[in-house]
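[1] Sequence below, structure please.
(one chain, ligands or ions: 1)
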Amino acid sequence: MHVLIVEDDKALGDGLVRYLQQAGYRVELATSGREADLLLAHEEYDLVILDIGLPGIDGFEVLRRARQRERYVPALVLTARDSVADRVHGLDLGADDYLIKPFSLMELEARMRAVIRRGQQTAETQIVYGQLTVDIAAKRVWVAGNAVRLTAREWGVLEFLVLRAGKIVSKEQIVSAISGADEDLNLNVVEVYISRLRNKLGPAGVKIHSIRGFGYYLDKTTDDAA
Ligand code: CA
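    Numbering: from 1, shown residues only. Coordinates of the predicted model:
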């Protein structure tokens with residue numbers, strides 16, 4: 001297990017490194033947000049233990065940038081501030097768990113194991129078609145490694161098509177999949193979402209075909225030249 005510790009408090013950082021090395025982890029230490037950001041951009045880790053209060057770019061910003069990247073690295077956030085707002089902000093940005101300082105090393109290790117385990121499950125929910133990667137659990141999409149922003153409805157349509165890739169689905173099926181309980185969406189809105197998805201995902205070479213008078217299907221075969 002390859003772990004990155006991001007901690008500017010030298011005594012705490014060194015202590016964590018020693019403890020986790022003895023526990024059998026391969027550990028690296030970054031002492032600033034910038035250093036952490038560079039390492040996360042170029043190295044593969046099974047987990048990042050991330051202090052929030054850092055000089056320069058803080059832990060929130062490091063996490064925000066990490067979540068823009070295709071590869072999902074589980075993140076355990078450390079905060080000295082016992083503030084609900086901080087914890088909520090960290091979780092909103094995509095932290096998997098948090099620990100409030102001071103914490104016991106045994107508790108840290110137990111949380112690490114849980115987060116790593118969940119991270120492995122997340123990786124299994126990724127579907128890849130050529131240049132398109134869709135993470136069903138995280139509701140995220142990448143084209144050629146670049147995150148693509150979708151609205152909730154666009155995501156709903158894409159998820160429905162991806163989970164039935166290669167099969168024809170009707171507009172009615174799509175509408176009922178993306179409608180709220182008390183909404184009555186017009187069938188024509190499906191065309192709008194499909195057209196937006198084609199624009200956003202087009203560079204991936206993945207095609208959403210129309211079957212006139214019936215519906216659509218997502219073609220699993222990709223055109224590499226696209
Ligand atoms: Ca700190």
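
[2] In three-state terms, how would the residue of the chain found nearest the ion be classified?
    Closest residue of the chain to the ion, C-beta to the ion: residue 53 (3.8 Å). The way it works is simple: take the backbone N, C-alpha and C, and place the C-beta from them, glycine included. Secondary structure, DSSP: H, G, I helix; E, B strand; the rest coil: residue 53 is coil.

[3] same question, the one 4 residues further on
    With three-state DSSP as the basis, the three-state label of residue 57 is coil.

[4] Torsion angles phi and psi at the closest residue to it other than its chain neighbours?
    Leaving out its chain neighbours, the residue that sits closest to residue 57 by C-beta to C-beta, 6 or more residues apart in numbering is residue 33, at 3.6 Å. Note on residue 33: its backbone torsions stand at phi -60, psi -40 [degrees, to the nearest 10].

[5] Mind giving me the packing neighbours of the longest helix along the chain?
    Assignment by DSSP state H gives helix 105-123 as the longest helix of the chain. With contacts taken as 3 or more C-beta pairs under 8 Å, 6 or more residues apart in numbering; DSSP states H and E, helix 105-123 sits against helix 10-22, strand 47-51, strand 75-79, strand 97-100.

[6] Comparing those, which comes out most buried?
    strand 47-51 (a mean of 26; mean count of other C-beta atoms under 10 Å).

[7] by contact count, what packs against that strand?
    strand 2-6, helix 33-42, helix 59-66, strand 75-79, helix 105-123.

[8] Serialize those to a markdown table and add fields for mean pLDDT and distance to residue 203.
    Converted to a markdown table, the helices and strands packed on strand 47-51 look like this (pLDDT from 0 to 100; distance: least, C-beta to C-beta, whole Å):
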| stretch | mean pLDDT | distance to residue 203 |
| --- | --- | --- |
| strand 2-6 | 97 | 31 |
| helix 33-42 | 96 | 22 |
| helix 59-66 | 94 | 22 |
| strand 75-79 | 92 | 29 |
| helix 105-123 | 84 | 24 |
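
[9] I'd like the ones you listed written out as JSON lines, with distance to residue 17 added.
    Formatted as JSON lines, the helices and strands packed on strand 47-51 follow (distance: least, C-beta to C-beta, whole Å):
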{"stretch": "strand 2-6", "distance to residue 17": "6"}
{"stretch": "helix 33-42", "distance to residue 17": "14"}
{"stretch": "helix 59-66", "distance to residue 17": "18"}
{"stretch": "strand 75-79", "distance to residue 17": "14"}
{"stretch": "helix 105-123", "distance to residue 17": "12"}
